[in-house]
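Participant: Sharing a model that was predicted from the sequence below.
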Amino acid sequence: MSAKRRTRRHTYARTALQRRAQKGFRGHPIATVAYYGPDDKFASKVAVGIILQEDGDVDFLERWFSEEIDARLSPTINQEIVDFIKRHGVRSVIVTDGIIGCPHEEGIDYPKGEDCPHCLYWAGRDRWTGELIATENGQPQPQSPVAGVAWYRPDQWDLLREVAEDAAGLEATYEEWVKNAEESLRMMQEVGLPYEEVDVDVEELCRWCDEHDLPVKSSTRARYAAHMMAERSQQDDK
């Protein structure tokens with residue numbers, strides 16, 4: 001196979017996985033794709049679980065590791081994931097936004113209740129946002145097991161499409177986005193992934209991105225939603 005044909009196939013593998021995730025909930029079997037890494041920039045591990053039936057446990061689980069190239073960008077890994085989910089007749093795919101923690105497993109690679117000695121970046125950080133967890137009396141607050149899901153306002157949809165770096169991947173209308181978002185939330189419920197909807201003001205989102213020198217894109221919007229949820233939780237505790 002020529003280099004050009006290999007590149008085309010590898011590109012197809014990435015886009016095929018992305019397209020499946022964008023379709024939302026289409027029924028079972030469901031595949032969950034989660035990325036992990038030594039920090040929030042480089043994914044060195046991807047875990048894919050497949051649930052065959054509603055309310056079922058993970059029936060098949062595969063892990064891939066990469067040290068030289070980000071696992072999200074690896075043509076070989078992406079192709080193998082696509083082949084894996086096709087082999088099990090997967091109809092729905094859910095992919096985590098960004099990197100959600102250390103690639104090592106608590107209780108296996110290091111003792112339970114302790115920070116991973118290999119990934120110092122995650123010590124005292126929230127795995128959903130990568131931000132340092134607020135402390136009280138010198139003791140870290142427990143991490144929230146709930147993912148924050150950005151929920152946009154209908155009158156700001158056009159503004160979001162105007163400022164988003166990944167506008168081409170966003171739905172043309174707010175109604176289309178709501179339909180797909182609701183299907184994705186249903187899928188999260190199906191696989192037991194807890195979430196909380198977070199009302200997002202796009203203008204505030206833009207200001208936050210400017211302050212942190214970040215582009216307005218999918219992973220950043222997810223990070224902002226988690227940040228807002230954490231702030232709300234801290235205010236509720238006061």
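Facilitator: Sure, I can see it. Numbers count the residues shown, from 1 in each chain.
Participant: Show me what counts as buried in stretch 112-126.
Facilitator: Neighbour-count burial for stretch 112-126 flags 115, 116, 119, 122, 125, 126 (criterion: 16 or more other Cβ atoms under 10 Å). In short, each C-beta sits where N, CA and C put it, glycine included.
Participant: For the residues you listed, give me CSV that also has pLDDT.
Facilitator: Listed next are those as CSV, based on pLDDT from 0 to 100:
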residue, pLDDT
115, 77
116, 81
119, 82
122, 84
125, 78
126, 74
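Participant: Looking at those residues, which is nearest residue 83?
Facilitator: Of all the buried residues of stretch 112-126, residue 119 has the smallest distance to residue 83: 29.1 Å, by Cβ to Cβ.
Participant: thinking the closest one is in contact with residue 102, fair?
Facilitator: Yes. Using Cβ atoms under 8 Å, residue 119 is in contact with residue 102, at 4.2 Å.
Participant: Show me whatever sits in contact with both of the two.
Facilitator: Common neighbours of residue 119 and residue 102 (criterion: Cβ atoms under 8 Å, 6 or more residues apart in numbering): residue 38.
Participant: The helix or strand hosting residue 80: what's the following helix or strand?
Facilitator: Residue 80 belongs to helix 75-87 when assigned by DSSP states H and E. Once the chain leaves helix 75-87, the next helix or strand it forms, by DSSP H and E, is strand 92-99.
Participant: May I have the strands that pair with that next one, each with its orientation?
Facilitator: With DSSP bridges as the test, strand 92-99 is paired with strand 30-36 (parallel).
Participant: just the angle between the helix or strand following the strand it pairs with and strand 30-36, please?
Facilitator: Downstream of strand 30-36, the next assigned helix or strand under DSSP H and E is strand 45-51. For strand 45-51 against strand 30-36, the angle by axes from the mean of the first three to the mean of the last three Cα atoms, to 10 degrees is 160 degrees.
Participant: neighbouring contacts of strand 45-51?
Facilitator: In contact with strand 45-51 (Cβ under 8 Å, 6+ apart) are residues 28-37, 57-66, 71-72, 77, 81, 84-85, 88, 90, 103, 190-191.
Participant: Counting neighbours, which of those residues end up buried?
Facilitator: Buried, going by 16+ other Cβ under 10 Å: 28-37, 58, 60, 64, 66, 71-72, 77, 81, 84-85, 90, 103, 190-191, out of the contacts of strand 45-51.
Participant: And the buried residues of stretch 112-126, which is closest to residue 21?
Facilitator: residue 126 (23.2 Å).
Participant: In this model residue 230 seems to touch the closest one, though I could be wrong.
Facilitator: Yes. Counting by Cβ under 8 Å, residue 126 does reach residue 230; the two are 6.8 Å apart.
Participant: what inclination does the helix or strand where residue 182 lies have with respect to strand 30-36?
Facilitator: For residue 182, the element it lies in under DSSP H and E is helix 174-190. In terms of direction (the same axes, to 10 degrees), helix 174-190 departs from strand 30-36 by 90 degrees.
Participant: which stretches of this protein have low pLDDT?
Facilitator: By pLDDT under 70, the low-scoring segments of the chain are 1-15, 22, 128-130, 133-147, 187-188, 190-193, 233-238.
Participant: per-domain residue ranges of it.
Facilitator: Listed by automatic domain parsing, the domain ranges of the chain are 3-113, 147-237.
Participant: Please, where are all the strands along this structure?
Facilitator: For the chain, applying DSSP state E gives strands covering 30-36, 45-51, 60-65, 92-99, 135-136, 139-140, 147-152, 195-200.
Participant: would you turn those into CSV with distance to residue 21?
Facilitator: Shown next, in CSV, are these (distance: least, Cβ to Cβ, whole Å):
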stretch, distance to residue 21
strand 30-36, 7
strand 45-51, 12
strand 60-65, 17
strand 92-99, 4
strand 135-136, 35
strand 139-140, 32
strand 147-152, 15
strand 195-200, 16
